[in-house]
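S.K.: sequence first, then the predicted structure, then my questions.
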Amino acid sequence: MTIQEEVGLRIRSYRKKMKLSQEALAELCALHPTYIGQIERGEKNATLESLYHIAQGLGVPLCELLAGLEDALTESSSTAALSAKIRTMPDRKQRLIHSIITDLVELAES
């Protein structure tokens, strides 16, 4: 997974949690909706200025979009793909998966 793809997935995840369309986010950020889509898909390498505007539009600190990127990029590709998929799920499903994994870890440790 590339840096662009990881950041794009994070942006998409925050946008979906806020129940915003790409068009609505683009309007909040004063960016083009096509550009938002390209960033979310990892097709464009967003500038720091664009990322700043997107973070502002999402109501999150810029550092939150970038936090832990090194760790995410050094995970194995299968783990990274799974993590990315989970991050794009609704909060309810993320909590369910977290609960299942926690139970499995506790079982493995006993």
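M.R.: Happy to help now that I have it. Quick caveat: nothing in here was measured; it's all calculated off a predicted structure.

S.K.: in the chain, which residue is closest to the centre?
M.R.: residue 10 (1.2 Å; C-alpha atoms, centre = their mean).

S.K.: now the residue nearest to residue 44 when sequence neighbours are not counted: which helix or strand?
M.R.: Residue nearest to residue 44 in three dimensions, not counting chain neighbours: residue 38, with 4.0 Å by C-beta to C-beta, 6 or more residues apart in numbering. (C-beta placed from N, C-alpha, C; glycine too.) Taking DSSP states H and E as the criterion, residue 38 maps to helix 33-40.

S.K.: and that helix, what's buried?
M.R.: Of the residues in helix 33-40, 35-40 count as buried by neighbour count, 16 or more other C-beta atoms under 10 Å.

S.K.: run through this protein and note the low-pLDDT ranges.
M.R.: For the chain, the stretches flagged by pLDDT under 70 are 72-78, 80.

S.K.: how about the helices in it?
M.R.: Using DSSP state H, the helices found in the chain span residues 3-17, 22-29, 33-40, 48-58, 62-66, 69-74, 77-87, 91-109.

S.K.: hmm, who's touching the shortest one?
M.R.: The reference is to helix 62-66. With contacts defined as C-beta atoms under 8 Å, 6 or more residues apart in numbering, helix 62-66 is touched by 7, 10-11, 14, 51-52, 54-55.

S.K.: returning to that earlier point: the residue nearest to residue 44 and residue 83: what is the separation?
M.R.: To residue 83, residue 38 is 22 Å away according to C-beta to C-beta, to the nearest Å.

S.K.: repeat for residue 91
M.R.: 15 Å.

S.K.: picking that back up, the residue nearest to the residue nearest to the centre of the chain when sequence neighbours are not counted and residue 26, how far apart?
M.R.: Once flanking residues are discounted, residue 10 sits nearest to residue 65: 5.4 Å by C-beta to C-beta, 6+ apart. Residue 65 is 16 Å from residue 26, where distance means C-beta to C-beta.

S.K.: check residue 9 too.
M.R.: Going from residue 9 to residue 26 by C-beta to C-beta gives 18 Å.
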